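In: return a 3D structure for these sequence lines:
(2 chains)
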Protein chains: 2
Amino acid sequence: MSTATHQEDEEPMAPLIVDCDTGIDDALALLYLLRDPAVDLRAVTTVFGNVDAATAADNTLRVLELAGRADIPVAVGARSNWRGTVDLAPHVHGADGLGDVGLPAPSATPVAEPAAELIVRTARENPGNLHLLAVGPLTNLATALLLEPELPRLVSHVTIMGGAVHHPGNVTPVAEANIHNDPEAADIVLRAGWDVTLVPLDVTMAEALTESAQRRLVDAGTAISSFAARILDHYLGFYERDVFGVRRAACHDPLAAGIAVGDVALETAPVVDVVVETGEGPARGATIADTRGQYRGYPAREGAHVRVVLRTAGGFADRLVDRLCAPEAAEHVA
Amino acid sequence: MSTATHQEDEEPMAPLIVDCDTGIDDALALLYLLRDPAVDLRAVTTVFGNVDAATAADNTLRVLELAGRADIPVAVGARSNWRGTVDLAPHVHGADGLGDVGLPAPSATPVAEPAAELIVRTARENPGNLHLLAVGPLTNLATALLLEPELPRLVSHVTIMGGAVHHPGNVTPVAEANIHNDPEAADIVLRAGWDVTLVPLDVTMAEALTESAQRRLVDAGTAISSFAARILDHYLGFYERDVFGVRRAACHDPLAAGIAVGDVALETAPVVDVVVETGEGPARGATIADTRGQYRGYPAREGAHVRVVLRTAGGFADRLVDRLCAPEAAEHVA
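Out: Numbers count the residues shown, from 1 in each chain, chains lettered A, B, ... in the order given. Model (predicted):
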């Protein structure tokens, strides 16, 4: 286990696996983590979502090489949900998933081990210690739970970017893309008895990446910041056209990464019951979080094990940009 | 049609039918309307919900007699939803639905005409002019739509207390009681092509009836204000125990009544698509309102015909108490 620490007096950070569908915000989240020498990123597993699972692995390898971390293994996971449905998002992330900015092809290739098996093996090798950060559809995590029913006791924590609680959805009026892409898997993952932190649109939509962030990234002039500036430009275009009407982007996966490694102060984050609507009606893929205790400070509920982040202290987007602009001399060397 | 007006230069108010399940807040809503001489209340129809439909009619007759309006016909409607399910709320409204404060039994009886038929007949007699205010489950309105497919063109407007959009539900994490009591009927009513104003928990929970309201009602010392004070006392008890942890009650049905007669300034009330989840999963009875346009001022959507009230200017609870405290010399005489 890594002995790197955020501060000398802190506990070593738990080993981390990121499960993602590497599009633009996944790449920013990975770079945020890779630029923190205290983060012990053991592997990245990929899933269909923003792009197909193989492209997500290829994009992940490109991003790892850009950050000088080609040593981190990348495993390909689920190509679709269990119905065989795949709903990719090239209109958001570009045809290649990384804003079509031409990041060089990787020299490394994915490992042969499938994503779910890698997750289970790493959990067994680090019993009670592994942290999972999932920022795509939850198919790989659900598969891992079926492979190893003891997984909830082997894993220390699961952080998930997904869902919409009091905020509208982004693919239907009430469903967020990661959950909607595989509601059955999400329901399995949220019902498993492990400690989960859910990072829904309620908070990721409130963290704004703007043109001033883009200018700061351009001005920093490092390889990483320049790449981040170019993919952010593409992302701002989508958000201007389809969501905000101005050049402002949400900060989905990076915020979940920041929360996973303890960099974000949570203002409202009750532990409540959360399930997923898996029926065929208009609420399919909605995250049903029981926030009815909101007027009484969210009284504790026996059996509840999902912390839903409804409000943060804010300011994370600036922190993300700071990190991506840091001089690359400080880059982590494996 | 009544020629009474709110102000000399206003249009006469449309004739109104209130469809309700008379418990405490229904009674307050009825009294609010009955104390406005400009309101042309043609009939009250009742439905199961807070209490059974027959008790709702009996309670309505009691309230009408208290207000000196025994002349207004009351028709009994649906005893259950179409599945035969009935889920009453004596824990909220008392065993008799009116806080068990002993309001005298009525001398009048309900009319023989069933609620849905009365609605259809009154709409035909006032083509294009009738306003429906529904503050209970929507079974009677759905039945009326099946009796008369032209009803959406015969009715000028429908105001509904029901649903939860960005606010938690009150009977499940995402469903409000009126809609959850008959989701299929609510879906029929919300999909019919008439102009609907939906008044969900998002705004009714924000209007607080407090102990100071209760004291003002006691101090006013009229028959109506004294009755209102006593039922409010019961209502405050429920809300303290189950919802707020302090003696503060929501203002569901009265706010919908205030909105129906144009007494409330609406700050955020977009016209959006709204459907109801009728599946058997955890979102059953949720109102699925498409508020994804919130960042762009809710751009108009072709075919959308439900105005969802998400924020009012506030202050309605005070207005309600003012009205209920008014000297009874000013009482409307039929």
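In: please count neighbours and contacts with C-alpha atoms only from this point.
Out: Will do.
In: which stretches of the stretch 151-300 of chain A have low pLDDT?
Out: Scanning the stretch 151-300 of chain A for pLDDT under 70 picks out no residues.
In: and it, which residues reach chain B?
Out: A:165-170, A:172-174, A:243-245, A:275-283, A:286, A:288-293, A:295-296 (Cα under 8 Å from any Cα of the partner chain).
In: hang on, A:Asn50 packs against A:His91?
Out: No: with contact defined as Cα atoms under 8 Å, A:Asn50 does not count as touching A:His91 (9.4 Å).
In: those two - which one has more neighbours?
Out: Comparing A:Asn50 with A:His91 by other Cα atoms under 10 Å in any protein chain shown, the one with more neighbours is A:Asn50, at 33 against 15.
In: chain A: strands as residue ranges?
Out: A:16-20, A:41-46, A:74-76, A:130-134, A:155-161, A:196-199, A:209-210, A:248-249, A:266-268, A:271-272, A:274-276, A:287-289, A:306-308, A:311-312 (DSSP state E).
In: quick one: which of the ones you listed is nearest B:Ala54?
Out: strand A:287-289 (34.8 Å; Cα to Cα).
In: ranges for the helices of chain A?
Out: A:24-34, A:53-66, A:90-93, A:115-125, A:139-147, A:151-154, A:177-180, A:183-191, A:201-204, A:211-220, A:223-239, A:252-260, A:316-325 (DSSP state H).
In: make JSON lines out of these and add distance to A:Ser80.
Out: Below are the helices of chain A laid out as JSON lines (distance: least, Cα to Cα, whole Å):
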{"stretch": "helix A:24-34", "distance to A:Ser80": "18"}
{"stretch": "helix A:53-66", "distance to A:Ser80": "8"}
{"stretch": "helix A:90-93", "distance to A:Ser80": "16"}
{"stretch": "helix A:115-125", "distance to A:Ser80": "13"}
{"stretch": "helix A:139-147", "distance to A:Ser80": "8"}
{"stretch": "helix A:151-154", "distance to A:Ser80": "22"}
{"stretch": "helix A:177-180", "distance to A:Ser80": "12"}
{"stretch": "helix A:183-191", "distance to A:Ser80": "11"}
{"stretch": "helix A:201-204", "distance to A:Ser80": "23"}
{"stretch": "helix A:211-220", "distance to A:Ser80": "33"}
{"stretch": "helix A:223-239", "distance to A:Ser80": "24"}
{"stretch": "helix A:252-260", "distance to A:Ser80": "20"}
{"stretch": "helix A:316-325", "distance to A:Ser80": "31"}
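In: most packed of the ones you listed?
Out: helix A:177-180 (a mean of 27; mean count of other Cα atoms under 10 Å in any protein chain shown).
In: in CSV, could you pull the C-alpha coordinates for that one?
Out: Provided in CSV are the C-alpha atoms of helix A:177-180 (Å, rounded to 0.1, in the frame of the first residue of the first chain):
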residue,chain,number,x,y,z
ALA,A,177,-27.2,9.5,-17.7
ASN,A,178,-25.0,7.1,-15.6
ILE,A,179,-27.9,5.7,-13.7
HIS,A,180,-30.3,5.7,-16.7
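In: which neighbouring elements make contact with that helix?
Out: Under the contact criterion of 3 or more Cα pairs under 8 Å, 6 or more residues apart in numbering or on different chains; DSSP states H and E, helix A:177-180 touches no helix or strand at all.
In: list the contacts for the residue of the stretch 1-150 of chain A found nearest chain B?
Out: Here the stretch 1-150 of chain A gets closest to chain B at one residue, A:Val92, 16.3 Å apart by Cα to the nearest Cα. By Cα atoms under 8 Å, 6 or more residues apart in numbering or on different chains, A:Val92 lies in contact with A:Asn50, A:Tyr235, A:Phe238.
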